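K.L.:
build me a structure from this.
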Amino acid sequence: MSDLEDGTAEQSTGAVGWWSGALEALRASVGAAWHKNAVAALNRLCTAGVDHLVGRVRDATAERHSESQARIKLTEAATKQLAKQMEVSPEYVDAAMRGAAGRIVRERINVDQIAKIAMIELTSDQESTGQDESSETKPISEDWLNGFEGIASKMSSAQMRLLFGKILAKEIRQPGAFSLRTVALMGELDNRAAELFRVLCSVAISTVLPKAEGGFTVADARVISLEGSAGSNSLQEYGLHYFNLCTLQDYQLIVTDLNGWRGMDTAVQRPGAVVWPFKFGARYFTLLPKTPNIKIELKAYGPQLSTMGRELLSIVDIEPNTAYSQALPQWFDRNGFAMVESPGPTPWIVPPIEPSPEASPN
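P.N.:
Just a heads-up that it's a prediction; the model follows:
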C-alpha cells in the first residue's frame, strides 16, 4: 500500500478539521498584540498548504483506486514519454513521481502539525512577554517564514515538532527572537544532543534584559561550575561530563571556553543600588549578603551558552535537577550570600538605609 493512501489521507482530513477550531481560537485572540502575525504565519504556512495537501492526497488516492481513469492514462502516458526521453525503465519514473508526491504530502503534514502546536502555545500560554498588549507587535519577516518552512518541513518526530512549534509561537509573539541560523541549527540536532542541551538548561542561571520593542532578551546564561572546573569534570555528577560539554560545543550551543566567568554583583542587594534578578529553573532570585555593608566581588565560572543557545533557552522544557538545586544555594552560602526569591525578571532599586535616630544631629 502506498503511503499516500488511507493513513495519510486520514491525517490530512483530521488536520483540515482541526483548522476550523484553530481559526475560532484565532478570532478569540483578535485583541492580542501578536494577532496579525499569527494570521500572517498561518496563511503563509498552512492555509494554502492544507488545500494543496487535500488535493494532492485526493488525486493520489484516486489514481490508486482507479477513480479517475483519464488521469491514470494521462500519468501513464507522461511516464512513458519521460522514460523514453531519459532512456530508463518506466517503472523508475513512476516510482520517482510517486515518491516525490509522498514527500510533498509528508512535508506538508509536518508543517501543519508544527503550526498546530504553535497555535496551542499562543492561545494557552499566559506568560507575559513584557510588551504592552495594547500595541501591535512588529510584523513577522516573510523571509524568516520562508526559511522556517523549509527546515520545519523535514521535522517528523514528535519531539522536534514540539520544539519547532514553540519556536514559531515565540517568533510570532516576538519577531526576531530566533535567527534562521538558530532554526537551522535546531534542525540538525540529534536526540542525544537535544537531551544534553535540556540537561544543561535545567541547571543554568540566566539574566534577561527588556528590549525597547517589547519582550526580553537573554543577556547571559551559564552553568556555574561550583567547586572546580567544568573542564575537569566538576559538573559530571549533574549530567554534564566533559565529553558531554564537548558535544554541546560541537553543535555551537555553548562557547569554547568552559571556564569563562561573569560577575554576580548586579544580582546583589545593596542599599540604593539597582538589582537585576537572575533566573534559575522557573524562578527568579537575587543575592543577599550574609554580612551587611561588606563589599564582596563574586565571580561565577562555568560553561556559557552561545548566542544560539541563549535564543533556544526559552523553549526548552527544563527538568529540575535535585542535586544541583541543593548544591547551588550552598555554593552561594559558602561565598557569603543567600539566594532570595524575586517576583520576576524586572530590575528594582534596593531601598537605601535610613540613618538611625542616634546618628542624627540635635
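
K.L.:
so what's residue 320 up against?
P.N.:
Each residue near residue 320 by Cβ atoms under 8 Å, 6 or more residues apart in numbering is listed here: 202, 281. Quick note: C-beta positions are derived from backbone N, CA and C, even for glycine.

K.L.:
just the pLDDT at it, thanks.
P.N.:
Listed pLDDT for residue 320 reads 93.

K.L.:
likewise the one 4 residues further on?
P.N.:
With respect to pLDDT, residue 324 scores 97.

K.L.:
list the buried residues of whichever strand or helix holds residue 217.
P.N.:
Assigned by DSSP states H and E, residue 217 belongs to strand 216-222. By 16 or more other Cβ atoms under 10 Å, the buried positions in strand 216-222 come out as 216, 218, 220, 221, 222.

K.L.:
please name every helix or strand in contact with it.
P.N.:
Helices and strands touching strand 216-222, by 3 or more Cβ pairs under 8 Å, 6 or more residues apart in numbering; DSSP states H and E, are strand 205-210, helix 307-313.

K.L.:
which one among the buried residues of strand 216-222 gets closest to residue 139?
P.N.:
The closest of the buried residues of strand 216-222 to residue 139 turns out to be residue 216 (Cβ to Cβ; 20.0 Å).

K.L.:
what sits against the nearest residue to that closest one once chain neighbours are set aside?
P.N.:
Once flanking residues are discounted, residue 216 sits nearest to residue 208: 4.2 Å by Cβ to Cβ, 6 or more residues apart in numbering. Counting by Cβ under 8 Å, 6+ apart, residue 208 makes contact with 216, 217, 218, 219, 279, 345.

K.L.:
quick one on the thing from earlier: C-alpha coordinates for the strand holding residue 217, CSV please?
P.N.:
The C-alpha coordinates for strand 216-222 follow below in CSV (Å, rounded to 0.1, in the frame of the first residue of the first chain):
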residue,chain,number,x,y,z
PHE,A,216,13.1,40.3,26.9
THR,A,217,16.4,39.1,25.6
VAL,A,218,18.8,36.7,27.5
ALA,A,219,21.9,38.8,28.2
ASP,A,220,23.9,35.9,29.8
ALA,A,221,23.3,32.3,30.6
ARG,A,222,25.7,29.8,32.0
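
K.L.:
what are the contacting residues of the helix or strand that comes right after that strand?
P.N.:
Remark: after strand 216-222, the chain's next helix or strand is helix 242-250, criterion DSSP H and E. With contacts defined as Cβ under 8 Å, 6+ apart, helix 242-250 is touched by 192-193, 196-197, 199-200, 230-233, 235-236, 254-256, 258, 303, 309.

K.L.:
what residues sit buried inside helix 242-250?
P.N.:
For helix 242-250, a neighbour-count test (16+ other Cβ under 10 Å) marks 244, 245, 247, 248, 249 as buried.

K.L.:
mind putting the residues you listed in CSV, distance to residue 151 and pLDDT included?
P.N.:
CSV is the format used below for these (distance: Cβ to Cβ, whole Å; pLDDT from 0 to 100):
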residue, distance to residue 151, pLDDT
244, 25, 97
245, 26, 97
247, 21, 96
248, 20, 97
249, 22, 97
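
K.L.:
and of the residues you listed, the nearest to residue 156?
P.N.:
residue 247 (22.8 Å).

K.L.:
of the helices and strands packed on strand 216-222, which is nearest residue 184?
P.N.:
helix 307-313 (9.5 Å).
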